[in-house]
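Peer 1: Output the structure for:
(2 chains)
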Amino acid sequence: MSPKGEFWNRLERALDLSKNVSEPAKNDLGNSPSSYAEQGDEEDQRSEFKNQNPEHRVVNIIEIENLSHRFTDGTVGLDNINLSISEGTFVVIAGRNGSGKTTLLKHLNGLLLPTNGVVKFSGEPVSKNLAWSRQKVGMVFQDADSQIVGETVADDVSFGPENLRLDRDEIKRRVARSLETVGLLRYKDQKPHLLSGGEKRRLAIAGILAMEPKVLIFDEPFSSLDFPGVKQILSQMISLHQAGHTILVAAHDLDKLIAHTDRLVIMENGRIVRDGLPSQLLRELEAFGIREPLPSRLGMEVYSWLN
Amino acid sequence: MAELNVLGFHAGDSVLHKLDVRFKLLFVVVISLSSLKAFVPSLSLLTLVLMVALMSAGLSLKTALKDLRYVFWLLLFVFMARSLSVPGSSVIEFKSVSVTREGLYEGAIVCWRLVIVIMTGLSFVLTTRSSEIKAAVEWMLKPFPWVPAKRIAIMLSLIVRFIPLIFEQAKKTTEAQRARGVENRKNPVYRLKMFGIPLMRRVFERADNLALAMEARCYSENRTDSLLSSDIRDWIALAGVVGLCFMIVL
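Peer 2: Numbers count the residues shown, from 1 in each chain, chains lettered A, B, ... in the order given. Here you go, the predicted structure:
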């Protein structure tokens, strides 16, 4: 990315965040994303930037072109997917089980490679430089337990940076910073398996953050979490988004996420069937096996699940 | 999971934690070997030293005994085998089988030595991260050019790390099957089959997920090595351990 592009992204982010930054996290959760009109304005601002500055097309941090994936047994996982995701957005990919959400996400960091088509991160094909794209596109798996490899919390977070061959001091710094971000610093010498469900998932997030990614992918982040666990992870995701990360979430249950997303992509049978502002897709959700969020069912405006 | 604590690393800052892992590995070997030559006085001394070391490393005796309860069956078996097989003056006689005084003594000594080896291993595992073990193994294999040191080291450290998880999975499988009355089936082959196959399937599934998660975090064999640094403390400890072992052997 050119320095100028970097600057432009930062400016854009600053504009997006200017109204939230000074307030404590808990307050913005409720009021910023709840009104979709406001979100629409931001979208407009973004496209304006694009028009003013045609040579900086890196605004799309992820670009997927004609992506198809066929598994070795012949079943079609993904069928001609086209999707562009601009930097700093919070995108939810919804769909019933087996609709291809996880398969799609696994292409973004090259865990699966396309049968056809191309997936680009920052304009570069992911398959050209797997290590680099895996560093930049961090993935939090559904089962946090199988993601944790270290004997202590700090060890686990340092796993990623060690793979990047950073030196010890830098690793220490990153571990401390990431654990601070997810609020687990005081458990750094604890055994990961003694943590609660929500804490384990936060640890998985810290392990990803230590690699300093741009995009964070969450696959069913709330599965088998209790109420406090869901709250922790949701607020974590929101504050990471506010810190400028691009967030992609695969989910089959939209209740918790809907008020905080910029964009909703619905998948069915390996295809993208809807893509737009969440507010505009609410009524159609149930046709695709996704429950309509409760406030919307009751005819109310969608509000944050954290309230 | 909490029940299997004793088999894994415990963070801490005891003397054992601070020693260089290469020295610790050497100590395990030297102490284990010299215990083969040890008898009551030196075994008592070793037990005392190891007890102090384990306590300072933060081991709780109760959980250790509980986690290692199956080992005692092995010890019992060894003890019985010895006491029955060594010739000498008999204490108890039953038909043609006799328990001898010499057998009892020898059985006790052998078991004691095994306990020493277990305690040594325990104090090593308790105070050493698997990443450090990996680094030490790698360092020790380095002089042999035909050995894929990195790969062996990684396999070792993953095994150490995931044995507790396999135990946990086994426990879950057992519980799920008890809930469906597997205890009513007396045929051990049937029970082994019903237990073994799902357990293996889940272990492999888990291994698959783990591999994927590691790949997603840029796993490669070429990583930052853990710091291996020895200082004066390690050499002092080495002198101490070697001195102790000489006393035992001579």
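Peer 1: Can you pull the phi/psi pair for A:Asn80?
Peer 2: Note on A:Asn80: backbone dihedrals following degrees, to the nearest 10 are phi 50, psi 70.
Peer 1: residue ranges with poor pLDDT in chain B?
Peer 2: Along chain B, the model assigns pLDDT under 70 to residues B:1-7, B:226.
Peer 1: Which segments of it make up each domain?
Peer 2: B:1-129+B:227-250, B:130-225 (automatic domain parsing).
Peer 1: can I get the ones you listed in a markdown table with mean neighbour count?
Peer 2: Every residue, glycine included, has its C-beta placed from N, CA and C. Formatted as a markdown table, the domains of chain B follow (neighbours: other CB atoms under 10 Å in any protein chain shown):
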| stretch | mean neighbour count |
| --- | --- |
| domain B:1-129+B:227-250 | 16 |
| domain B:130-225 | 15 |
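Peer 1: Name the stretch from these that approaches A:Ser68 most closely.
Peer 2: domain B:130-225 (21.0 Å; CB to CB).
Peer 1: The closest one near chain A anywhere?
Peer 2: Yes - residues of domain B:130-225 contacting chain A under CB under 8 Å from any CB of the partner chain: B:130-131, B:161, B:164-165, B:206, B:209-210, B:212-220, B:222-224.
Peer 1: Leaving out chain neighbours, which residue sits closest to A:Ser223?
Peer 2: A:Gln142 (5.6 Å; CB to CB, 6 or more residues apart in numbering or on different chains).
Peer 1: Next, the contact list for the one you found, please.
Peer 2: A:102, A:219-220, A:223 (CB atoms under 8 Å, 6 or more residues apart in numbering or on different chains).
Peer 1: from those, which would you call buried?
Peer 2: Buried residues within the contacts of A:Gln142, counting neighbours by 16 or more other CB atoms under 10 Å in any protein chain shown: A:102, A:219-220.
Peer 1: how close does the residue nearest to A:Ser223 get to A:Thr102?
Peer 2: 8 Å (CB to CB, to the nearest Å).
Peer 1: Likewise for A:Asn163?
Peer 2: Counting by CB to CB - A:Asn163 and A:Thr102 are separated by 23 Å.
Peer 1: Which positions in chain A make contact with chain B?
Peer 2: A:109, A:111, A:131, A:134-135, A:138-139, A:141, A:143, A:145-147, A:149-152, A:155, A:159-168, A:171, A:189-191, A:193-194, A:207-208, A:211.
Peer 1: Which ones among those residues map onto strands?
Peer 2: Cross-referencing the residues of chain A next to chain B against strands under DSSP state E gives A:138-139.
Peer 1: Which phi and psi values does the nearest residue to A:Pro192 once chain neighbours are set aside adopt?
Peer 2: Nearest residue to A:Pro192 in three dimensions, chain neighbours excluded: A:Ile148, at 4.6 Å (CB to CB, 6+ apart). Main-chain torsions, A:Ile148, degrees, to the nearest 10: phi -90, psi 120.
Peer 1: burial count for A:Ile148?
Peer 2: A:Ile148 has 26 neighbours, counted by other CB atoms under 10 Å in any protein chain shown.
Peer 1: same deal with A:Arg283?
Peer 2: Using other CB under 10 Å: A:Arg283 sits among 10 other residues.
Peer 1: Leaving out chain neighbours, which residue sits closest to it?
Peer 2: Using CB to CB, 6+ apart, the nearest residue to A:Arg283 is A:Glu292, at 7.3 Å.
Peer 1: What segments of chain B are strands?
Peer 2: B:90-94, B:97-100.
Peer 1: Any chance of TSV for those, columns distance to chain A?
Peer 2: As requested, the strands of chain B are exported to TSV (distance: least, CB to the nearest CB, whole Å):
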stretch	distance to chain A
strand B:90-94	47
strand B:97-100	45
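Peer 1: Any chance of TSV for those, columns distance to B:Phe9?
Peer 2: Shown next, in TSV, are the strands of chain B (distance: least, CB to CB, whole Å):
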stretch	distance to B:Phe9
strand B:90-94	44
strand B:97-100	42
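Peer 1: which one of the ones you listed lies closest to A:Leu254?
Peer 2: strand B:97-100 (73.0 Å).
Peer 1: mind listing what B:Lys150 touches?
Peer 2: B:138, B:221-222.
Peer 1: one more time with 10 Å
Peer 2: By CB atoms under 10 Å, 6 or more residues apart in numbering or on different chains, the contact list for B:Lys150 reads B:134, B:137-138, B:141-142, B:220-223, B:225.
Peer 1: pLDDT below threshold where in chain A?
Peer 2: A:1-58.
Peer 1: can you map out the helices along it?
Peer 2: Counting by DSSP state H, chain A has helices at residues A:3-17, A:25-31, A:36-52, A:101-108, A:130-136, A:153-163, A:168-182, A:197-209, A:227-242, A:278-281, A:294-297.
Peer 1: and the fifth one, what other elements does it pack with?
Peer 2: Contacts of helix A:130-136 with other secondary structure elements, assessed using 3 or more CB pairs under 10 Å, 6 or more residues apart in numbering or on different chains; DSSP states H and E, are made with helix A:101-108, strand A:116-121, strand A:124-125, helix A:153-163, helix B:188-216.
Peer 1: For the third one, name the packing helices and strands.
Peer 2: When contacts are defined as 3+ CB pairs under 10 Å, 6+ apart, strand A:124-125 sits against strand A:60-70, helix A:130-136.
Peer 1: among these, which is nearest A:Leu234?
Peer 2: Taking the helices and strands packed on strand A:124-125 one by one with CB to CB, strand A:60-70 is closest: 22.5 Å.
Peer 1: partners of the closest one in the sheet?
Peer 2: strand A:76-86 (antiparallel), strand A:116-121 (antiparallel) (DSSP bridges).
Peer 1: got the contact list for the residue most central in space within chain B?
Peer 2: Chain B has B:Gly121 as the residue nearest its centroid, 4.9 Å off, counting by CA atoms, centre = their mean. Neighbouring residues of B:Gly121 by CB under 10 Å, 6+ apart: B:28, B:31-32.
Peer 1: How about B:Gly196?
Peer 2: Counted by CB under 10 Å, 6+ apart, B:Gly196 has contacts B:170, B:173.
Peer 1: Please report the distance of it from chain A.
Peer 2: Relative to chain A, B:Gly196 is positioned 21 Å away (CB to the nearest CB, to the nearest Å).
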